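Q: The amino acid sequence is not available; the structure is as follows:
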């Protein structure tokens, strides 16, 4: 399943990219604030512990261990928010005062994982880690002052929560803004796309509507319109030139034909008339190809059943094929093979393919017109000598303009006309092995309109 | 028959007019759209032959104006370009037939004759008869001298077209358009082979030939003289 249309547009992808960028910025900012706050809080806590320890050390200096023990007990008794933990451990490792037990040999700054289980004070303290400053005194006893790291955790938690909200808000605003902006943008891009589609379909007079805001899209639309005007002008002048050439050449040719006709009795003159007719026929075919390639007919496309085209063509050509010693049959499995197209042109396409087969196979050949609703597909197959795989490309190329000038007028133009009509219908012409013989397939509905036919490698 | 030819190319006009006069028709001529409209509005012509590209007033507008003012004379359009939409445009504007230039004079003549005597829809007969050949259009049956003849649907249609124009030449192109709805010229002799089969089916031993080939023009069905 394809994602909804809005999410396939460039602007939404851009919005998502910006959202992600803002999100990452918020996260980086959060991490920096978090780490800075953590360092500041810890250093403040350390200063506090240091001051407290120094104050108690003064007690020791003034009155020795007993006075210190008294002071420790007095301070440890204070409970409440911001209260510290104290401990005085004798040189023998026994806790003399307070309730902060140290692991043996501990000294300096350290972090104790949590209050040891079974400690005398349970109370309001949770199991958060302690930050401790341990001072070894002159008599070998150790004074420890500790503070609850949980207070820092609370602050950090508040910071994280604030940034989480900020991140959510950033992403929501980014996505919402992107979608709103994208929808507006999409409408205008759609208008341009619809105009382009209409022009591709043959309506060359269509232009993109400007909003008059003079923004980037408006300027782009203006430029595209000017480009279309220019192309339109070129097409018009080309058409005018073609019409002029057509008129200028056909009129003298027509007069030549008329003069020959009024004098016709002689075999040489009759041959000359036939020659002029051949020139005029080539000329008509060229004009017809040019007109088909201009694509203006596409606007008049109707649903057409390929089976209803194949049947009359088979019926029309079968007697002539039989007289020429070939057999023409229709192989249609039944059912409709509907395509959007021009009945007259598709009839001509099939007729040209049948004539091509009639002219390039020996007597005794069976020629089969095939209609396949799957595809849908129109094919003309023969059981003649066929075309070697290596040469099929050259044959197919005869369908196309590239080689047009080098082919003999009749059949070359016939196949070019097939190619032009197929192209107009977005159909693909391929040659294949009929084992034995050649099969020419025209597959509809496989490509998009106007896409060039390709020579399979 | 009185005809009006509206054509700006002097050579073509002279050639066509001379040919038509030779066939015993009276031909009025106009070299531009305005003169043509003025002459045609008189309403005295049996068939109008109108070039599509005319100075002053183009052929399509001319015919549209004529039709709007109630002129019903059949119109044969002459078109110069290999325009594949010209036929539709011409018929929509009120034309009755079209012919792409350059054309054989026989083709023009056959079409002018066909238009001049085109029966109105209301008086189309249910039975067509040429000599002892009798076609019942309602029962879709065909007999010759009372003997029933079986035809393929397309052969029936072909014979019907010929019989509707009995006594007049119909060209290969007219048959391709009228019977097969092919608006292009196949290189294969489709018409010839069908005509030959049709002749074989309707002609018994000793019976006179009814379908005649007119060299350089087309075919013609008529009773033996």
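A: Structure received. This is a predicted model, so every value here is computed, not measured.

Q: any weak-confidence spans in the chain?
A: Since you didn't name a chain, this refers to chain A. A:1-12, A:81, A:114-128, A:242-248, A:264-265, A:293-299, A:397-413, A:446-457 (pLDDT under 70).

Q: Sorry, I should have been clearer: chain B.
A: If you take pLDDT under 70 as the line, chain B has these spans: B:81-85, B:118-124.

Q: Could you chop it up by domain?
A: Annotated domains of chain B cover B:2-116, B:121-221 [automatic domain parsing].

Q: JSON lines for those domains, including mean neighbour count?
A: (Glycine included, C-beta is placed from N, CA and C.) What follows is those, written out as JSON lines (neighbours: other Cβ atoms under 10 Å in any protein chain shown):
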{"stretch": "domain B:2-116", "mean neighbour count": "19"}
{"stretch": "domain B:121-221", "mean neighbour count": "16"}
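
Q: need those domains in CSV with distance to residue A:432, can you?
A: Output for these, formatted as CSV (distance: least, Cβ to Cβ, whole Å):
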stretch, distance to residue A:432
domain B:2-116, 30
domain B:121-221, 24
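
Q: Switch those domains over to CSV; also include distance to chain A.
A: Shown next, in CSV, are these (distance: least, Cβ to the nearest Cβ, whole Å):
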stretch, distance to chain A
domain B:2-116, 3
domain B:121-221, 4
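
Q: Tell me the secondary structure at residue 50.
A: As the question left the chain open, I've gone with chain A. Following DSSP: H, G, I helix; E, B strand; the rest coil, the label given to residue A:50 is helix.

Q: I was thinking of chain B, sorry if that wasn't clear
A: strand.

Q: just the one 5 residues further on next, same as before
A: Put simply, residue B:55 is coil when judged by three-state DSSP.

Q: Got the phi and psi for residue B:14?
A: Here is the backbone geometry of residue B:14 (degrees, to the nearest 10): phi -60, psi -40.

Q: Distance of it relative to residue B:7?
A: Distance, residue B:14 to residue B:7, using Cβ to Cβ, to the nearest Å: 9 Å.

Q: so how far is the first residue of stretch A:300-314 from its last?
A: Stretch A:300-314 has an end-to-end distance of 25 Å (Cα to Cα, to the nearest Å).

Q: What segments of the stretch 101-250 of chain A are strands?
A: A:108-112, A:130-136, A:142-148 (DSSP state E, counting those that start in this stretch).

Q: most packed of those strands?
A: Highest mean neighbour count among those (mean count of other Cβ atoms under 10 Å in any protein chain shown): strand A:142-148, with a mean of 24.

Q: Which parts of chain B are strands?
A: Ranges of strands in chain B, per DSSP state E, are B:2-6, B:26-30, B:47-51, B:75-79, B:97-100, B:127-130, B:133-136, B:141-144, B:147-148, B:170-171, B:211-214, B:218-221.

Q: Of these, which is nearest residue A:82?
A: strand B:75-79 (105.1 Å; Cβ to Cβ).

Q: Let me know the angle separating the closest one from strand B:47-51.
A: Relative orientation of strand B:75-79 versus strand B:47-51 (axes from the mean of the first three to the mean of the last three Cα atoms, to 10 degrees): 20 degrees.

Q: Quick one: residues in contact with strand B:75-79.
A: Strand B:75-79 has contacts (Cβ atoms under 8 Å, 6 or more residues apart in numbering or on different chains) with B:7, B:47-52, B:59, B:63, B:66, B:86-87, B:90, B:94-101, B:103, B:108, B:111-112, B:115.

Q: what's next to stretch A:218-231, contact-wise?
A: With Cβ under 8 Å, 6+ apart as the criterion, stretch A:218-231 contacts A:192, A:199, A:204, A:207, A:208, A:209, A:210, A:211, A:212.

Q: Please list only the buried members of the residues you listed.
A: A:199, A:204, A:207, A:208 (16 or more other Cβ atoms under 10 Å in any protein chain shown).

Q: Check those residues and tell me the two furthest apart.
A: Within the buried ones among the contacts of stretch A:218-231, A:204 and A:208 form the most distant pair, 13.4 Å apart (Cβ to Cβ).

Q: quick one on the thing from earlier: how about the contacts of stretch A:218-231 in JSON lines, adding distance to chain B?
A: Shown next, in JSON lines, are those (distance: Cβ to the nearest Cβ, whole Å):
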{"residue": "A:192", "distance to chain B": "29"}
{"residue": "A:199", "distance to chain B": "19"}
{"residue": "A:204", "distance to chain B": "15"}
{"residue": "A:207", "distance to chain B": "24"}
{"residue": "A:208", "distance to chain B": "27"}
{"residue": "A:209", "distance to chain B": "29"}
{"residue": "A:210", "distance to chain B": "32"}
{"residue": "A:211", "distance to chain B": "36"}
{"residue": "A:212", "distance to chain B": "37"}
